[in-house]
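Colleague: mind folding the following:
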Amino acid sequence: MAQPLALGAEDRRLLRDHRAIVGVDEVGRGSLAGPVVVCAVRWEEIPDNPLVRDSKRLTATRRAAVATWIRSRTATWTAVEIWPEVIDRINILEATRCAMRCSVRALRSPGDAVVVDAVDLGDGFEWAMHPIKADSQFFAVATASILAKTWRDDLMVEMAPRFGQWQWDQNKGYGTPAHRTAVLRSGRSYLHRESFKLASERG
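Modeller: I've put the predicted structure just below:
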């Protein structure tokens, strides 16, 4: 099978007119439990690494190795967590947007380009690009995707022993059949999202 083309061309094109590029992505919007995590990564130049791609296309072992490489090479990066109490209050899209805006404010300097995966950040952030599938087009966004995925997976695995009946070490809080069955059998923990209803829970 042919290897996918290495990312970086679109990023380098932006860097012709900008001091740096900040890539932003999230993980956990569709899960039943745990936080949504947003990472932003700032690059002043784009190194070569053919393994950098959308985090969903990497095995867990390879993703962890690439995440370590990213952290050693990037100018700076940040992670923002939004937990179920806030998600249930303002909805998952607004929670994601809030985390993304915070991450951009934390990293962006004058003259930087900002590329976000598919979420319009709204008023005051009109200069941020938000193309669909940006994690498959931009090296900076793919690196943010990888850091967000490894960060959130590690959180869920760390919490799993205290919430054993829901098996978060296996499902990372997503709605697998086994997780859904466990919710119907044991109910929800305080880290489950009340705003996410299973089909059998709806009136």
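Colleague: so the residue lying closest to Pro35 once chain neighbours are set aside, which of the three states?
Modeller: Of all residues beyond its chain neighbours, the one nearest Pro35 is Glu81 (4.3 Å), with distances taken as Cβ to Cβ, 6 or more residues apart in numbering. C-beta coordinates here come from the backbone N, C-alpha and C atoms, glycine included. Secondary structure, DSSP: H, G, I helix; E, B strand; the rest coil: Glu81 is strand.
Colleague: how much space separates Glu81 from Ala9?
Modeller: Going from Glu81 to Ala9 by Cβ to Cβ, to the nearest Å gives 32 Å.
Colleague: ditto for His18
Modeller: 15 Å.
Colleague: please put the alpha-carbon coordinates of whichever helix or strand Thr143 is part of into PDB.
Modeller: Thr143 is located in helix 139-159, with elements delineated by DSSP states H and E. What follows is helix 139-159, C-alpha atoms only, in PDB (Å, rounded to 0.1, in the frame of the first residue of the first chain):
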ATOM      1  CA  PHE A 139       1.200  19.500   9.600                       C
ATOM      2  CA  ALA A 140       0.500  21.900  12.400                       C
ATOM      3  CA  VAL A 141      -3.100  20.700  12.900                       C
ATOM      4  CA  ALA A 142      -2.100  17.100  12.600                       C
ATOM      5  CA  THR A 143       0.400  17.600  15.400                       C
ATOM      6  CA  ALA A 144      -2.300  19.200  17.600                       C
ATOM      7  CA  SER A 145      -4.500  16.300  16.900                       C
ATOM      8  CA  ILE A 146      -1.800  13.800  18.000                       C
ATOM      9  CA  LEU A 147      -1.100  15.700  21.200                       C
ATOM     10  CA  ALA A 148      -4.800  16.100  22.100                       C
ATOM     11  CA  LYS A 149      -5.400  12.400  21.500                       C
ATOM     12  CA  THR A 150      -2.500  11.200  23.600                       C
ATOM     13  CA  TRP A 151      -3.300  13.700  26.300                       C
ATOM     14  CA  ARG A 152      -6.900  12.700  26.600                       C
ATOM     15  CA  ASP A 153      -6.300   8.900  26.300                       C
ATOM     16  CA  ASP A 154      -3.800   9.100  29.100                       C
ATOM     17  CA  LEU A 155      -6.300  10.900  31.300                       C
ATOM     18  CA  MET A 156      -9.000   8.300  30.700                       C
ATOM     19  CA  VAL A 157      -6.600   5.400  31.300                       C
ATOM     20  CA  GLU A 158      -5.400   7.100  34.500                       C
ATOM     21  CA  MET A 159      -9.000   7.500  35.800                       C
END
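Colleague: having no further points to raise, I will conclude here.
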